[in-house]
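*Asks:* predicted model and sequence below, questions to follow.
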There are 2 protein chains.
Amino acid sequence: MNATIDRSLVSALPLFSRMSDAELDDILSMAVSRRYAVGTSVFEQGQAADQFFVLLYGRLRVTQVTPEGQQIIIRMVNPGDLFGIAKALQRNDYPGTSMAVAESVALAWPMTCWDEILERHPSLTINAMQTMGGRLQEAHTRLRELSTEEVERRVAHTVLRLANQSGKKEAGGVRIDFPVSKQDIAEMTGTTLHTVSRILTAWESAGLVEGGRRKLLLKDPHRLLLLGDGHVPGLL
Amino acid sequence: MNATIDRSLVSALPLFSRMSDAELDDILSMAVSRRYAVGTSVFEQGQAADQFFVLLYGRLRVTQVTPEGQQIIIRMVNPGDLFGIAKALQRNDYPGTSMAVAESVALAWPMTCWDEILERHPSLTINAMQTMGGRLQEAHTRLRELSTEEVERRVAHTVLRLANQSGKKEAGGVRIDFPVSKQDIAEMTGTTLHTVSRILTAWESAGLVEGGRRKLLLKDPHRLLLLGDGHVPGLL
DNA sequence: CGGATTGTTGAGGATACTCAAGTTAGGTGG
DNA sequence: CCACCTAACTTGAGTATCCTCAACAATCCG
């Protein structure tokens, strides 16, 4: 809700790379910044897509609910990520719900600006396309995992992906630096929280991870990688 | 390998919509057309990505092989589709293999033209982005299906998707108009050819489909849709 | 006609789900 | 600050789905 947003907030983001100050100002002049408390949603599935966003701080979880009421996590949104770009998906509504799992701040643009911005700023268009390319690749990776791997390996890969995207080095390992529940992990891997609980318990006994209520610390990422790649037998 | 490619071949494609004749000619002047016999590959997984393509006629299957040797089908390429755009995925190699399942013709551009073309033709950039958006949505749909649905429903959805993309109305139903094996369907749904065989046999007894060696005719798409959406019990 | 590819079907078993009961941790209000 | 309440998690038992293994049948192609 600021009058003007400072260039320095975004100038380092890959999305805005190779843009002049003037271009940045042009784009930022159309944006407002918004704060989202933990547990609040930025937008909800099915809602008219009237804005798109860039996350500045915090962490969001994007979910979809099936007609039967099962939920799956499409992805986590990390600082610097573009999200809510329904227009690029050729949609008028948001296909999922995005909810803050940590205190978050995002820039918001009216969706009506989308075409205009792309037209006026070709380098941003290319960056946005690369963003989508990266996401497409991640989706294919997950498809491959879901199609071919057993649960334990899928959980290993999922947990390693989380660590790569939102891990923070810490004494004794890499911590996922936002609250993750077993249910969350289940919804990312296509399994149940029961199975995730059993797997993490086994891993904990083996010294691979350290769990806790919505906490996760990877104590031995290397061994997890071996497990995920099937070079080492599972622990169940 | 033609000297020049005629505008009429591509002017109707969504990818090239809203482009002037001059723009089209500029783009086409950099392309060559190529023919691919059934069973030949356009490019292979891991190979240096030196070209990107648009399919004019025919049908391609894009697969990935896991380190363990299991294969999955990432998608089918239909006429008009852009494919092999490794650059947009920020890659220097092709992440999968694309192989002709029907006699095919594609236009090919040197990958070095990619940035240049995007720069010179903003409307094509936007169209390409929409292509990627559509693909991202399809990937998310498949993720949701793999995560939450049992095999029979996944097969129903997969088969209906095939019909929508490459179905041809025919006396008695909708025919998938290229050869599809049970193995193919298995690789699209994350199951085995055995399970697919059992499911299709059951469906055939119920008058839902008509199978055959690499053939598939949907006799009752509506009932298949109900089955896929869980509004009707499965037949296994 | 023969070989190869594709598909069928059965039996048995493993993975992971469901159902169920309980425990622990954390937050909240008195 | 403690008691309570709820959300998150644990663990066990039973079972369903679907995979694996195996043998065979049908179809296509040269």
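*Replies:* Looks like it arrived, so ask away. No experiment lies behind these values; they were computed from the predicted model shown.
*Asks:* list the buried residues for stretch A:95-104?
*Replies:* By neighbour count on 16 or more other C-beta atoms under 10 Å in any protein chain shown, the buried set for stretch A:95-104 is A:Pro95, A:Gly96, A:Thr97, A:Ser98, A:Met99, A:Ala100, A:Val101, A:Ala102, A:Ser104. For every residue, glycine as well, the C-beta is placed using N, CA and C.
*Asks:* now do stretch A:20-37
*Replies:* For stretch A:20-37, by 16+ other C-beta under 10 Å, it's A:Glu23, A:Leu24, A:Ile27, A:Leu28, A:Ala31, A:Ser33, A:Arg34, A:Tyr36.
*Asks:* which SSE is the residue lying closest to A:Ala88 once chain neighbours are set aside in?
*Replies:* Nearest residue to A:Ala88, sequence neighbours excluded (C-beta to C-beta, 6 or more residues apart in numbering or on different chains): B:Gly133, at 4.5 Å. Assigning secondary structure by DSSP states H and E places B:Gly133 in helix B:122-148.
*Asks:* and the residue positioned nearest the centre of chain A, how close does it get to DNA strand C?
*Replies:* Most central in chain A under C-alpha atoms, centre = their mean is A:Met76, positioned 1.8 Å from the mean C-alpha point. Applying C-beta to the nearest atom of the strand, to the nearest Å, the value for A:Met76 to DNA strand C is 21 Å.
*Asks:* show me the contacts for A:Val101.
*Replies:* Taking C-beta atoms under 8 Å, 6 or more residues apart in numbering or on different chains, we find A:Val101 in contact with A:Val38, A:Arg59, A:Leu60, A:Arg61, A:Met76, A:Phe178, A:Pro179.
*Asks:* what is the burial count for A:Arg7?
*Replies:* 15 (other C-beta atoms under 10 Å in any protein chain shown).
*Asks:* pLDDT at the spatially closest residue to it that is not a sequence neighbour, what is it?
*Replies:* Spatially, and ignoring its direct neighbours in sequence, A:Arg7 is nearest to A:Leu24 (5.0 Å; C-beta to C-beta, 6+ apart). At A:Leu24, the model reports a pLDDT of 94.
*Asks:* same deal with the one 4 residues further on?
*Replies:* On pLDDT, A:Leu28 comes in at 96.
*Asks:* packing partners of the strand or helix carrying A:Ile27?
*Replies:* If you go by DSSP H and E, A:Ile27 is part of helix A:21-28. On a contact count with 3 or more C-beta pairs under 8 Å, 6 or more residues apart in numbering or on different chains; DSSP states H and E, helix A:21-28 meets helix A:113-120, helix A:122-148.
*Asks:* after it comes which helix or strand?
*Replies:* strand A:32-36.
*Asks:* run through who's touching that following strand.
*Replies:* Contacting residues not belonging to strand A:32-36 are listed as A:1-2, A:5, A:42, A:56, A:58, A:60, A:100, A:103-108 [C-beta under 8 Å, 6+ apart].
*Asks:* same question for stretch A:75-84.
*Replies:* Stretch A:75-84 is contacted from outside by A:13-15, A:42-43, A:49, A:51-62, A:94, A:98, A:101, A:106, A:128, A:131, A:135, A:138, A:162, A:165-166, using C-beta under 8 Å, 6+ apart.
*Asks:* at 6 Å instead, please
*Replies:* With contacts defined as C-beta atoms under 6 Å, 6 or more residues apart in numbering or on different chains, stretch A:75-84 is touched by A:13, A:15, A:43, A:52-55, A:57, A:60-62, A:131, A:165.
*Asks:* per-residue confidence averaged over that stretch?
*Replies:* Mean predicted confidence for stretch A:75-84 is 98.
*Asks:* now do the strands in chain A.
*Replies:* In chain A, the strands defined using DSSP state E lie at A:32-36, A:41-43, A:51-65, A:71-77, A:82-83, A:97-110, A:167-170, A:173-176, A:209-210, A:217-218.
*Asks:* now do the same for A:Thr4: its pLDDT.
*Replies:* The model's pLDDT for A:Thr4 equals 81.
*Asks:* look up how far A:Ala106 lies from it.
*Replies:* If you measure A:Thr4 against A:Ala106 using C-beta to C-beta, to the nearest Å, the figure is 17 Å.
*Asks:* between those two, which is the more surrounded one?
*Replies:* Shown here are A:Thr4 and A:Ala106; by other C-beta under 10 Å, A:Ala106 has more neighbours (27 against 9).
*Asks:* what's the neighbour count on A:Phe53?
*Replies:* Counted with other C-beta under 10 Å, the neighbours of A:Phe53 add up to 21.
*Asks:* wait, isn't it in contact with A:Trp109?
*Replies:* No: applying C-beta atoms under 6 Å as the test, A:Phe53 and A:Trp109 come out as separate, 7.5 Å apart.
*Asks:* give me every residue in chain A lying close to DNA strand D.
*Replies:* Applying C-beta under 7 Å from any atom of the strand, we find that chain A lies next to DNA strand D at A:Ser181, A:Lys182, A:Gln183, A:Leu193, A:His194, A:Ser197, A:Arg198, A:Leu200, A:Thr201, A:Gly211, A:Arg213, A:Arg214.
*Asks:* redo the residues you listed as TSV? Include neighbour count and pLDDT.
*Replies:* Shown next, in TSV, are the residues of chain A next to DNA strand D (neighbours: other C-beta atoms under 10 Å in any protein chain shown; pLDDT from 0 to 100):
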residue	neighbour count	pLDDT
A:Ser181	15	98
A:Lys182	22	98
A:Gln183	15	98
A:Leu193	14	98
A:His194	10	98
A:Ser197	15	98
A:Arg198	16	98
A:Leu200	20	98
A:Thr201	14	98
A:Gly211	16	95
A:Arg213	7	96
A:Arg214	14	97
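*Asks:* thinking again about what came up before, from the buried residues of stretch A:20-37, which two are the most distant?
*Replies:* The most widely separated members of the buried residues of stretch A:20-37, counting by C-beta to C-beta, are A:Glu23 and A:Tyr36 (27.1 Å).
*Asks:* which residues touch stretch A:142-154?
*Replies:* With C-beta under 6 Å, 6+ apart as the criterion, stretch A:142-154 contacts A:157, A:189-191, A:195, A:199, A:228, A:234, A:236, B:66, B:70, B:72, B:142-143, B:146, B:190.
*Asks:* apologies, that question was intended for stretch A:181-198.
*Replies:* A:Gln71, A:Ile72, A:Ile73, A:Leu146, A:Val151, A:Arg154, A:Val155, A:Thr158, A:Arg214, B:Ser147.
*Asks:* returning to that earlier point: which one of the strands of chain A lies nearest to B:Glu170?
*Replies:* strand A:51-65 (34.7 Å).
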